[in-house]
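Engineer: this one's structure only:
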């Protein structure tokens, strides 16, 4: 494992973890009435961004642990990946990359059309602009740099799609429950759509999730095509 990769993972983990702690303490300790939406039923856990904040923190923490205690074996090395590396690779492929890209692209896409549909101006009083960018912008370069520096072995598409869609449906069930139980639509865009439009929007987002999984697979193939060829050759020999 190169020093550059260790330094990168450690630095990103430190930035994200520090921002996560700041976000938690800032919202928890501030008694401002503007925090009522943020502190209402479900609290911060209503928002996919906050869930992803946790996911990203865990992922880069896992990367740091693997850098120092695990392996970083590539197919061309003809070695065996340790369990920690397999967890890291599968977590990145099935959850971290597609969900991270979803957060960035949907947030800024809807924000460009009408910010009130996804990030009302009142949140500017709660969340500093730099923290907003940590949660919704820096995700993209962090993930792309990680993909460029580190080889990740993807699972089969069947496993990848099943894991990602299970997570997406779990979160969908959660926000629908919040809407039913507390009469709170987590994202204002869902509040303004009629039932048929909601169904179409949700289906489109699920398809988008699957496309982002394929995008991650393609980027991995682009950066690490030779390693992927080695892996396919090994599978043919073993079959």
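Structural biologist: Good, I have the coordinates. These figures come from a predicted structure and were not determined experimentally.

Engineer: Quick one: name whatever helix or strand follows the helix or strand bottoming out on mean pLDDT in the chain.
Structural biologist: Scoring the helices and strands of the chain by mean pLDDT, DSSP states H and E places helix 36-39 at the bottom, with a mean of 54. With elements assigned by DSSP states H and E, the helix or strand that comes after helix 36-39 is helix 48-69.

Engineer: for the record, mean pLDDT for the helix or strand just after that next one?
Structural biologist: Using DSSP H and E, the helix or strand that directly follows helix 48-69 along the chain is helix 83-91. On average, the pLDDT along helix 83-91 is 94.

Engineer: now swap in stretch 43-57 and tell me
Structural biologist: The model assigns stretch 43-57 a mean pLDDT of 86.

Engineer: From residue 114, how far out is residue 199?
Structural biologist: Applying CB to CB, to the nearest Å, one obtains 21 Å for the distance of residue 199 from residue 114. Where C-beta positions appear, they are placed from N, C-alpha and C, glycine not excepted.

Engineer: sec struct for residue 229, please.
Structural biologist: helix (DSSP: H, G, I helix; E, B strand; the rest coil).

Engineer: What is the neighbour count of it?
Structural biologist: 13 (other CB atoms under 10 Å).

Engineer: what's the angle between the helix ranked longest in the chain and helix 83-91?
Structural biologist: Scanning the chain for the longest helix, with DSSP state H as the assignment, gives helix 195-223. For helix 195-223 against helix 83-91, the angle by axes from the mean of the first three to the mean of the last three CA atoms, to 10 degrees is 130 degrees.

Engineer: Show me which positions of helix 195-223 end up buried.
Structural biologist: In terms of neighbour count (16 or more other CB atoms under 10 Å), helix 195-223 has its buried residues at 198, 202, 208, 209, 210, 212, 213, 216, 217, 219, 220, 223.

Engineer: any idea which helix or strand carries residue 175?
Structural biologist: Counting by DSSP H and E, residue 175 is found in helix 157-182.

Engineer: Check which helices and strands that helix sits against.
Structural biologist: Secondary-structure packing of helix 157-182 (3 or more CB pairs under 8 Å, 6 or more residues apart in numbering; DSSP states H and E): helix 97-114, helix 195-223.
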